[in-house]
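Engineer: got a predicted structure plus its sequence, pasted below:
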Amino acid sequence: MIKVFAPASVANIGCGYDTMGFAVTEIGEEIQVTKRPDDKLVINEIVGADLSYNPEQNVATIAIQSLLDALRTTQGFDISIHKFFKPGSGLGSSASSAAGAVFAVNELLNRPFKREELLQFALEGEAFASSSYHADNVAPSLLGGVQVIRSYNPLDVFRVEMKSKLEVLLIFPDVEVKTAESKKLLPTNISMQTARNQWGNVAGLIHAFHIGDNKLLRSSIMDLIAEPVRKSAIPKYEEVKRIVLQHGSVGFNISGSGPSMFALFDLDGDIEQSIDDISGLYQDCDFDCKIYRSKIDLVGCKVIS
Ligand code: HSE
């Protein structure tokens, strides 16, 4: 038996639609996996979410099956999933299930694959959940840190070494946004001018993380493609943005496809006052909102027992 923790993650990081994300320390899910004497994949328990127990309809078992197929083995497993955050929150719930599941099985089988090689299997689970191959949640959840998907075909992922020491505020107003639906809102064509500005921001963001330039981070995180069409699905988006920027956040945007938002803070920002003001904002309109304070996770999936 093995139990692992798979962190939640923030995809896109503003300007990097489908190409970058980071994992967080304070939220995630636990997955317990045990070998069975037969060839079945059986989900025994799912706590914290209303998800399918059918192994052909659950991201964790789809990802495990993809790993087992690559190994040409028919070993069966019992699986229990305990989620500490909601699916549809924009914090990479399906990705943490997929990453945690393949990581756990690989450990139980005495690591036939390197950790980086597990990404392709986790991606199969994620693709089922969101109807698209996007690795900007699975890569950080599995590998930790800030991960960039430089190419999808072939899959090529690298980690950004960071000088910045940042805290992350995650704000989750309790509405569900389905990634597959939210992807349909995006433009299929963009102008050369928009593309040019976005490329500048992506380069600025990576450089800012790398050298710890938080002034550059704040200006580069801006997104000209997804944020303009997605923000209207997020209650009080502009108000939250105004609050965190007023209190010195060095970067704010939508987490993945939303509705969660993230704000990055260095030591000069007032994270406590931001939390108070955002809580007050949602209380005033009787809206349920969860706020998490976290660090960027540098480890990815890990064995907890
Ligand atoms: N990159 C994906 C999107 C992340 O923005 O649709 C989904 O969490």
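Structural biologist: Everything's here; your move.
Engineer: list the buried residues of stretch 275-293.
Structural biologist: 275, 277-278, 281-282, 289-293 (16 or more other Cβ atoms under 10 Å). Using the backbone N, CA and C atoms, a C-beta is placed for each residue, glycine as well.
Engineer: distance check, whichever residue of the chain sits closest to the ligand against residue 17.
Structural biologist: Taking Cβ to the nearest ligand atom as the measure, the point where the chain comes nearest the ligand is residue 256, at 2.6 Å. Relative to residue 17, residue 256 is positioned 10 Å away (Cβ to Cβ, to the nearest Å).
Engineer: quick one: which of these two has more around it?
Structural biologist: Remark: of residue 256 and residue 17, residue 256 carries more neighbours, 31 against 21, as counted by other Cβ atoms under 10 Å.
Engineer: buried set for the strand or helix carrying residue 195?
Structural biologist: Per DSSP states H and E, residue 195 falls inside helix 192-211. Judged by neighbour count (16+ other Cβ under 10 Å), helix 192-211 contains these buried residues: 197-198, 201-202, 204-206, 208-209.
Engineer: how about the contacts made by the closest residue to residue 93 other than its chain neighbours?
Structural biologist: The shortest distance from residue 93 to any non-neighbouring residue, by Cβ to Cβ, 6 or more residues apart in numbering, is to residue 87 (4.2 Å). Shown in contact with residue 87 (Cβ atoms under 8 Å, 6 or more residues apart in numbering): 49, 51, 93-94, 176.
Engineer: for residue 87, grab phi and psi.
Structural biologist: Main-chain torsions, residue 87, degrees, to the nearest 10: phi -60, psi 150.
Engineer: same check on residue 263?
Structural biologist: When quoted as degrees, to the nearest 10, the phi and psi of residue 263 stand at phi -130, psi 130.
Engineer: correct me, but it touches residue 277?
Structural biologist: No: between residue 263 and residue 277 there is no contact under Cβ atoms under 8 Å: 11.6 Å.
Engineer: close to the ligand: what parts of the stretch 151-300 of the chain are there?
Structural biologist: Counting by Cβ under 6 Å from any ligand atom, the stretch 151-300 of the chain comes close to the ligand at 179, 182-183, 226, 256-257.
Engineer: let's see it at 5 Å
Structural biologist: Residues of the stretch 151-300 of the chain lying close to the ligand by Cβ under 5 Å from any ligand atom are 179, 183, 256-257.
Engineer: so can I have a markdown table of those showing secondary structure and distance to residue 193?
Structural biologist: Below are these laid out as a markdown table (DSSP: H, G, I helix; E, B strand; the rest coil; distance: Cβ to Cβ, whole Å):
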| residue | secondary structure | distance to residue 193 |
| --- | --- | --- |
| 179 | helix | 28 |
| 183 | helix | 23 |
| 256 | coil | 26 |
| 257 | coil | 25 |
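Engineer: out of those, which is most surrounded?
Structural biologist: residue 256 (31 neighbours).
Engineer: ok, that residue touching residue 13?
Structural biologist: No: Residue 256 lies out of contact with residue 13 (Cβ under 8 Å); the separation is 9.8 Å.
Engineer: give me the common contacts of those two.
Structural biologist: residue 21.
Engineer: with adjacent residues omitted, what lies nearest to residue 288?
Structural biologist: Using Cβ to Cβ, 6+ apart, the closest residue to residue 288 is residue 174 (4.1 Å).
Engineer: point out where the stretch 151-300 of the chain drops to low pLDDT.
Structural biologist: Within the stretch 151-300 of the chain, no range satisfies pLDDT under 70.
Engineer: circling back: which neighbours do residue 256 and residue 17 have in common?
Structural biologist: With Cβ under 8 Å, 6+ apart, residue 256 and residue 17 have no common neighbours.
Engineer: what number of residues lie near residue 137?
Structural biologist: 35.
Engineer: now do the helices in the protein.
Structural biologist: 59-71, 93-108, 119-130, 138-143, 179-184, 192-211, 214-220, 227-230, 237-246, 271-284 (DSSP state H).
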